[in-house]
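**Student:** what would the 3D arrangement of this be:
(chains A and B)
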Amino acid sequence: MIEIRDLHKSFGDHHVLEGIDITVDKGTTFVVLGGSGSGKTVLMKHVIGLLLPDSGTVVVNEIDIPSLRGRELTEARAMFGMVFQGAALFDSMTIFENVAFPLRERERSMKAAEVRRRVIEKLKVVDLDEDVLGRFPSELSGGMRKRVALARAVVHDPKVVLYDEPTTGLDPITTAYVDEMIMQAKVKLGVTSMVISHDIASAFKVADKIAVLYDGHIAAQGTPEEVRRSEHPYVQRYLSMWFEKQ
Amino acid sequence: MRRLRGWFEDFGRLIFFAGETLAWTVRPPFRPELVLAQMAAIGVGSIFIVATTGFFSGMVLGLQGNYAMRQFGAEGYVGGSVAISLARELAPVLTALMVIGRSGSAIATELGTMRVTEQIDAMETMAVNPVQYLAVPRFLASLAMFPFLTMLFDAIGYAGAYLMGIFVAGIPAGPFIEHTRSFVNPADVVHGLVKAIAFGGVVALITTYRGYHAVGGATGVGEGTTRAVVMSSISILVVDYALTLVTVGAGR
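**Tutor:** Numbers count the residues shown, from 1 in each chain, chains lettered A, B, ... in the order given. Down below sits the predicted model:
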């Protein structure tokens, strides 16, 4: 579903990504783990075409993303839904308008009743009911905003959902809820997910496969169990901090 | 040297941003409802501050004009001189400066906040061009509303001068109005309105650009807003000078 081959990216003299190879299978959840400044966000921005690689390929659903321009890129982005770290809801719009936004903009001929039906349907997937529709993002808790953000990301039935640090800055209960939400999106909606995170606990809970990003390289990649057994010194140090706590 | 280079780079990006905004203005999808909402926010919302500024400026001009002209017995010309200075210069410039303070700063802050909270990135991933969605409606609304507010300033400013001239300074109403008629041509009003349209475009482009390219949290948004207000205020004065030089010249 997502194939990244030998991806290189530099900003000025700073080499952020140096030869990344990743394969994400259809209908699975792939977590990219890494510390701050490891290039996780840069990697994700290549997948959705917000950044162009210096060299290498990014193929999603058999479409070569970096080669797309203008209208083609806009159309290809319909494959994606993205959940931002801070939810990134439009604070001038109500919850209904937020979730309806991708539908109204992408399918301008869609009838109002159909838009409403699909918005309510997707809010149900994340356990929110109709009484939030008229509220504004500032009136919701952080966890609820995250849920609305997921509903907005999947309302147009994307094939791929990208999560940017979904559990950063959340309390343990909300974190558990967001993990559950990511797993539910896979089961109920059948989407392929790519999560970037530094939250090891969440990663091992939701991931079918994990890649650990370190200094622009993939230090380990595979199933959670394979990554756990990796002998790469950085991976061992990174994981031991968490496993010691258990 | 480095600062100078940075300044040129910034200016280049602004020109590029302006070109992008203009290009998106003529491409579908068109969003008239967003333009109307911005016309309400930028235009209708500024009526109070523009009317108040206009009224007081007009009253002051009436009194000062009377003070100056009475010395050589020409107080009958106050109405005409106030009207012509309002129409050609003061109304467009003061209106623009007031709207920069009220709406220009709001535009820069709103877009800046949207940038640093990733709302603009989110929009882009949802296949909506943020320049078209955010900058174009503000640009079009400013083009439409700056001349409207300038006309309002003209009318209320003249009313203020009339009140002071006739009822406070005791200038006879007949010559006050008669000399206004003979001094001021429709072309003077049009001259002011053309300036207002140019100011509207400049202010919208600079303030949206500053907000759109804000970086680094609350401080960055604040800094962007400050720069938006300073840069657009100075640009108004420069553009005013340039337009006056081109249209009026040395007047010989």
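**Student:** list the contacts of stretch B:119-137.
**Tutor:** Counting contacts by C-beta atoms under 8 Å, 6 or more residues apart in numbering or on different chains, the residues outside stretch B:119-137 that touch it are A:48, A:50, A:74-75, A:77-78, A:80, A:82, A:84, A:88-91, A:101-102, A:105-106, B:17, B:20-21, B:24-25, B:27, B:31, B:34-35, B:37-38, B:111, B:113-114, B:204-205, B:208-209, B:212. All C-beta spots, glycine's among them, are computed from the backbone N, C-alpha and C.
**Student:** okay, buried residues for it please.
**Tutor:** By neighbour count, and taking 16 or more other C-beta atoms under 10 Å in any protein chain shown as the criterion, the buried residues in stretch B:119-137 are B:119-137.
**Student:** what do you get for stretch A:129-143?
**Tutor:** Residues of stretch A:129-143 classed as buried by neighbour count (16+ other C-beta under 10 Å): A:132, A:133, A:137, A:140, A:143.
**Student:** need the distance between the two termini of that stretch.
**Tutor:** When the termini of stretch A:129-143 are compared using C-alpha to C-alpha, to the nearest Å, they are 15 Å apart.
**Student:** who touches that stretch?
**Tutor:** Defining contact as C-beta under 8 Å, 6+ apart, one finds that stretch A:129-143 is touched by A:87, A:89-91, A:93-96, A:98, A:119-120, A:123, A:144-145, A:148, A:169-170, A:174, A:177-178.
**Student:** show me which pair in the buried residues of stretch A:129-143 is furthest apart.
**Tutor:** Across the buried residues of stretch A:129-143, the two members that end up farthest from each other (C-beta to C-beta) are A:133 and A:143, 17.7 Å apart.
**Student:** will you turn the buried residues of stretch A:129-143 into TSV that also has secondary structure and pLDDT?
**Tutor:** As requested, the buried residues of stretch A:129-143 are arranged in TSV below (DSSP: H, G, I helix; E, B strand; the rest coil; pLDDT from 0 to 100):
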residue	secondary structure	pLDDT
A:132	helix	92
A:133	coil	94
A:137	helix	95
A:140	coil	92
A:143	helix	83
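**Student:** what is the nearest of the residues you listed to residue B:9?
**Tutor:** Closest to residue B:9 out of the buried residues of stretch A:129-143 is residue A:137 (34.8 Å), distances taken as C-beta to C-beta.
**Student:** return the distance of the closest one relative to residue B:220.
**Tutor:** Taking C-beta to C-beta, to the nearest Å as the measure, residue A:137 falls 21 Å from residue B:220.
**Student:** figure out the helix or strand that the closest residue to residue B:76 other than its chain neighbours lives in.
**Tutor:** Spatial nearest neighbour of residue B:76, chain neighbours left out: residue B:175 (3.3 Å); criterion: C-beta to C-beta, 6 or more residues apart in numbering or on different chains. In the assignment (DSSP states H and E), residue B:175 maps to helix B:173-183.
**Student:** for that helix, list every residue counted as buried.
**Tutor:** Neighbour-count burial for helix B:173-183, with 16+ other C-beta under 10 Å as criterion, is recorded at B:175, B:176, B:177, B:179, B:180, B:183.
**Student:** could you do stretch A:109-121 as well?
**Tutor:** For stretch A:109-121, the buried set under the neighbour-count rule, 16+ other C-beta under 10 Å, comprises A:115, A:116, A:118, A:119, A:120.
**Student:** from the chain's centroid, how far away is that stretch?
**Tutor:** Averaged C-alpha coordinates place stretch A:109-121 at 24 Å from its chain's average position (C-alpha atoms, centre = their mean, to the nearest Å).
**Student:** could you pull out the helices in chain A for me?
**Tutor:** A:40-47, A:70-76, A:95-106, A:112-125, A:142-154, A:172-189, A:200-206, A:224-228, A:233-245 (DSSP state H).
**Student:** so which bits of the host helix or strand of residue B:48 are buried?
**Tutor:** Taking DSSP H and E as the criterion, the element that holds residue B:48 is helix B:47-70. Buried residues in helix B:47-70, counted by 16+ other C-beta under 10 Å: B:49-51, B:53-55, B:57-59, B:61-63, B:65-66, B:69.
**Student:** any idea how far residue B:217 is from residue A:117?
**Tutor:** When C-beta to C-beta is applied, the distance between residue B:217 and residue A:117 equals 39 Å.
**Student:** now do the end-to-end distance for stretch A:52-63.
**Tutor:** The straight-line separation of the ends of stretch A:52-63 (C-alpha to C-alpha) is 15 Å.
**Student:** now stretch A:105-116
**Tutor:** When the end residues of stretch A:105-116 are compared by C-alpha to C-alpha, they are separated by 14 Å.
**Student:** where does chain A come near chain B, residue by residue?
**Tutor:** Applying the criterion C-beta under 8 Å from any C-beta of the partner chain, the portion of chain A that neighbours chain B consists of A:48, A:50, A:74-75, A:77-78, A:80, A:82, A:84-86, A:88-92, A:101-102, A:105-106, A:108.
**Student:** may I see the PyMOL selection of the buried members of these?
**Tutor:** Once 16+ other C-beta under 10 Å is used to decide burial, the buried members of the residues of chain A next to chain B can be selected in PyMOL as follows:
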select buried, chain A and resi 48+50+74+77+78+80+82+84+85+86+88+89+90+91+101+102+105+106
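**Student:** among the residues of chain A next to chain B, which are located in strands?
**Tutor:** Under the assignment DSSP state E, the residues of chain A next to chain B contribute A:80, A:82 to strands.
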